[in-house]
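Student: I need the structure of the sequence given here:
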Amino acid sequence: MFEIIVDSAANIPADLVKKFKIKVLSFVNLVNGKEVTCFDPDLSEEEERQKGKEYYDAIRSGAEVKTGLISSGIFEDTFREILEQDKDILYFSLSKNISGNYNSARIAAEELMDSGEYSHKIRLIDSLNASLAQGILAIYASEMRDKGMAFDDVADELETYPARMNGVFTVGDLKYLSRTGRISGTSALIGNVLSIKPILRGNKDGYIVQYKKCRGRKSALNELISLVCDNIVDSENQIIGIAHADAYEDSLYIMEQIQKRIKVRDFINTSYDFCTGSHVGPDTIALFFMAKDRELSGK
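Tutor: Next up, the predicted model:
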C-alpha cells in the first residue's frame, strides 16, 4: 500500500479527499494579515462554495492577499511520518514552472532518501498544471491503487498523464493577470474597457500562456466548452474538472452545455482553490480534461 499526497492547490473537494483516501497539505494565505487555511477537510460542498464566495468577495473589495509555499520542512515531516509507517509515497505537485512548491517537496524527498534510513520510495509527479489537473490525476492514482496495482506501476503510468491533461480558463477581470505579469497593465485596462476575455491554458512545459481572445464573457465560456468537446478523448471514462472563483452559475451552464454534446463519466465542480485562485481573481472559471496531447485545436 502507498500514500497519495497533493497540496491544496489540487482543488479536490473535501468529500472526495475522504472517498479516495488522499492526503492534502494545505497552503496558508494571508488576507489583510490574517491567516486563511486554503483547505478544510470538514466542509460540505455547500460550505466550500460559501467559503469560496466569502474569499473572492474579499478580493473584490480590495483585500490584500499574500500567498506562500509549503516549506520543505513540512514536506519532510509528512514524508517521514508516512515512511515510518512502511508506505511508499506518491506526490502530485503544482507545476514547478508556476510555483516553487515542487522544489520544496524535492528537497525534502532527497534529504530523506539520501539518509539511507528508509526502504520505501518517494516519487514526485509534476502535473505541469494547476488546480484539478493535479487533483484528477491523484484520483485516478487512487482508483489504480484500489485495483491492486503496484506502486511503481501506478507512478509509471501517471507520469505519462500530464502530457495529456489540459487546463483551460478565462478570467473575470484582467487586472489580476497584470499583477502577476501575465499581461501588461495597459493591456489589462484596454481589455477590460473593450470586454476582451482571454482564453489561457497550461502549455506542455507547465507555463500559463494565452491561447486566444474572445469578446465578452459568454463567448469565452462557449469557447471553453468547445475546447473540451473538440479535444477530449475517451470522454465516457473521464472526469472533467471545473473550478470557479465564485462563478457557480457559469459553471452550471458549462456543465449543461458539455452534457448536450458529449457523454462524460463525471464532473467535479468546485470553488477555485485560494492559493492559485488569488492570482487569477474572482469570476475565473477553468476546465480540466484529458486530450491526446497539450496542443489544443479549435473548430
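
Student: C-alpha from now on. contacts and neighbour counts both.
Tutor: Fine.

Student: Which parts of this protein are strands?
Tutor: Counting by DSSP state E, the segments of the chain that form strands are 2-7, 22-25, 28-31, 34-37, 65-66, 88-93, 122-126, 165-170, 196-202, 208-215, 239-244, 266-271, 285-290.

Student: For the second one, C-alpha coordinates in CSV please.
Tutor: Presented in CSV, the C-alpha positions along strand 22-25 are these (Å, rounded to 0.1, in the frame of the first residue of the first chain):
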residue,chain,number,x,y,z
ILE,A,22,-5.9,11.3,-0.5
LYS,A,23,-3.7,13.3,1.9
VAL,A,24,-3.8,17.1,1.5
LEU,A,25,-1.1,19.5,2.6
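
Student: hmm, back to that, with mean neighbour count, mean pLDDT and distance to residue 222 as extra columns, can I get the strands of the chain in TSV?
Tutor: Shown next, in TSV, are the strands of the chain (neighbours: other C-alpha atoms under 10 Å; pLDDT from 0 to 100; distance: least, C-alpha to C-alpha, whole Å):
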stretch	mean neighbour count	mean pLDDT	distance to residue 222
strand 2-7	22	97	30
strand 22-25	19	98	33
strand 28-31	18	95	32
strand 34-37	14	94	33
strand 65-66	18	92	31
strand 88-93	25	97	29
strand 122-126	19	97	29
strand 165-170	26	95	11
strand 196-202	22	87	11
strand 208-215	16	87	10
strand 239-244	24	98	14
strand 266-271	20	97	17
strand 285-290	26	97	12
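
Student: Distance to residue 57 added to those, as JSON lines?
Tutor: Supplementary listing: those in JSON lines, determined by distance: least, C-alpha to C-alpha, whole Å:
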{"stretch": "strand 2-7", "distance to residue 57": "24"}
{"stretch": "strand 22-25", "distance to residue 57": "25"}
{"stretch": "strand 28-31", "distance to residue 57": "12"}
{"stretch": "strand 34-37", "distance to residue 57": "14"}
{"stretch": "strand 65-66", "distance to residue 57": "12"}
{"stretch": "strand 88-93", "distance to residue 57": "28"}
{"stretch": "strand 122-126", "distance to residue 57": "31"}
{"stretch": "strand 165-170", "distance to residue 57": "18"}
{"stretch": "strand 196-202", "distance to residue 57": "20"}
{"stretch": "strand 208-215", "distance to residue 57": "25"}
{"stretch": "strand 239-244", "distance to residue 57": "13"}
{"stretch": "strand 266-271", "distance to residue 57": "13"}
{"stretch": "strand 285-290", "distance to residue 57": "15"}
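
Student: Give me the residue ranges of this structure where confidence is low.
Tutor: 176-195, 298-299 (pLDDT under 70).

Student: now the helices: where do they sit in it?
Tutor: Counting by DSSP state H, residue ranges of the helices within the chain are 14-19, 45-60, 72-83, 101-114, 132-146, 151-158, 175-179, 185-193, 217-231, 248-261, 274-280.

Student: so what secondary structure elements neighbour the fourth one?
Tutor: This points to helix 101-114. If contacts are counted by 3 or more C-alpha pairs under 8 Å, 6 or more residues apart in numbering; DSSP states H and E, helix 101-114 sits against helix 72-83, strand 122-126.

Student: List the contacts of the closest residue in space to residue 96 that isn't next to it in sequence.
Tutor: Counting by C-alpha to C-alpha, 6 or more residues apart in numbering, the nearest residue to residue 96 once its immediate chain neighbours are dropped is residue 102, at 5.4 Å. Taking C-alpha atoms under 8 Å, 6 or more residues apart in numbering, we find residue 102 in contact with 93-96, 126.

Student: May I have the phi/psi pair for residue 27?
Tutor: When read as degrees, to the nearest 10, the backbone of residue 27 gives phi -70, psi 160.

Student: picking up where we left off before, most widely separated two among the contacts of residue 102?
Tutor: Checking these against each other with C-alpha to C-alpha, the farthest-apart pair comes out as 93 and 96, at 7.6 Å.
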